[in-house]
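**Student:** take a look and give me a structure for this.
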Amino acid sequence: MAALRSVTSCYRLLRNSARVLLSSRKHAVHKPRKWTNILYTSIASLAVGGGLCAIPFRQQVENLSHDSLIKRAASLATDSSSTFLSQTTSALIDAITEYSKAVHTLVALQKRYLDSLGKLTPAEEDTIWQVIIGQRSEVNDRQDECKRFESTWMSAVKLCETAAEAAYSSGAEHACITVRTNVQLALTQVEEAQKLSADADKKLAETKVMEVERVARHAVSSENSDEEDVPEAYLRED
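**Tutor:** Purely as a prediction, here's the structure:
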């Protein structure tokens, strides 16, 4: 439609110009050849202009080959897998951090209980045990969350490795290097977080051993105390 309007405008301009030139020719009959040349030149110029107006401008579209399209798709795949890896890595590290905090809190509660062993009333001992049981439940929940995010994270790592192989085979070397660098960074970050949780687990295991030893020692001490009290009570009755 734009080309048709352009042709129409050029045609009107040509017609108006022809009328002006023919009208001028009537008033200057003594110079027919000059005006005739001008008329023909104008008609030719406007005709060429009208032809150019009739030709629509076309935007050149890049001619992409199959290899180029595959390379571009492989790059997009590496970008998407890297985003997936980044999100799962962040979630896993946060989960491990919260698990480590919960374990350290449990260790602190158990040590507090062991330090006050034999000094608490039955009601106080029951209260602190309720707190310890609740914290143990918190630790178990955090541990389950870590396992869930770890499973998703491992899937993200495998996806990135597959995307890197696809990018390399398609010729997208830069995308391949980028996603493999992201994988290595994620592995390092998760490994550092796991070291913290492993240290917390070690302290919890040591506290449990300490708890068993102290509780056993306290039980023996209580039994000996009961055995010594019996004769004294018997003598007092006599």
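
**Student:** for residue 64, which three-state class applies?
**Tutor:** coil (DSSP: H, G, I helix; E, B strand; the rest coil).

**Student:** next, count neighbours for it.
**Tutor:** Using other C-beta atoms under 10 Å, residue 64 has 10 other residues around it. Where C-beta positions appear, they are placed from N, C-alpha and C, glycine not excepted.

**Student:** quick check: residue 179 vs residue 188, distance?
**Tutor:** Separation of residue 179 from residue 188 (C-beta to C-beta, to the nearest Å): 15 Å.

**Student:** between those two, who's got more neighbours?
**Tutor:** residue 179 (30 against 10).

**Student:** what strand or helix carries the more buried one?
**Tutor:** Residue 179 is part of helix 173-237 when elements are defined by DSSP states H and E.

**Student:** now that helix: average pLDDT?
**Tutor:** Averaged over helix 173-237, pLDDT sits at 79.

**Student:** likewise for stretch 116-126?
**Tutor:** Here the average pLDDT along stretch 116-126 is 85.

**Student:** quick check: end-to-end length of it?
**Tutor:** 13 Å (C-alpha to C-alpha, to the nearest Å).

**Student:** can we start the residue count at 133 from this point?
**Tutor:** Renumbered: residue one is now 133, and that last one reads stretch 248-258.

**Student:** what residues of it count as buried?
**Tutor:** Using 16 or more other C-beta atoms under 10 Å as the test for burial, stretch 248-258 gives no buried residues.

**Student:** got it, and stretch 219-229?
**Tutor:** 220-221, 223-225, 227-228.

**Student:** which one among the residues you listed gets closest to residue 341?
**Tutor:** residue 228 (23.9 Å; C-beta to C-beta).

**Student:** what domains does the record give for the protein?
**Tutor:** Listed by automatic domain parsing, the domain ranges of the chain are 134-186, 199-353.

**Student:** any idea which of those domains is most buried?
**Tutor:** domain 199-353 (a mean of 16; mean count of other C-beta atoms under 10 Å).

**Student:** if I look at residue 282, how far off is residue 265?
**Tutor:** In terms of C-beta to C-beta, residue 282 sits 26 Å off from residue 265.

**Student:** leaving out sequence neighbours, find the closest residue to residue 318.
**Tutor:** residue 221 (4.4 Å; C-beta to C-beta, 6 or more residues apart in numbering).

**Student:** ok, the one you found - contacts?
**Tutor:** 285, 288, 318, 321-322 (C-beta atoms under 8 Å, 6 or more residues apart in numbering).

**Student:** kindly report the same for residue 207.
**Tutor:** With the criterion set at C-beta under 8 Å, 6+ apart, residue 207 makes contact with 299, 304, 307.

**Student:** need the three-state assignment for it.
**Tutor:** helix.

**Student:** for residue 223, see how far away it is.
**Tutor:** Taken as C-beta to C-beta, the span from residue 207 to residue 223 is 25 Å.

**Student:** next: residue 306.
**Tutor:** Counting by C-beta to C-beta, the gap from residue 306 to residue 223 is 28 Å.

**Student:** with residue 338 instead?
**Tutor:** 29 Å.

**Student:** can you lay out the contacts of residue 221 as TSV showing distance to residue 348?
**Tutor:** Formatted as TSV, the contacts of residue 221 follow (distance: C-beta to C-beta, whole Å):
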residue	distance to residue 348
285	41
288	47
318	45
321	42
322	39
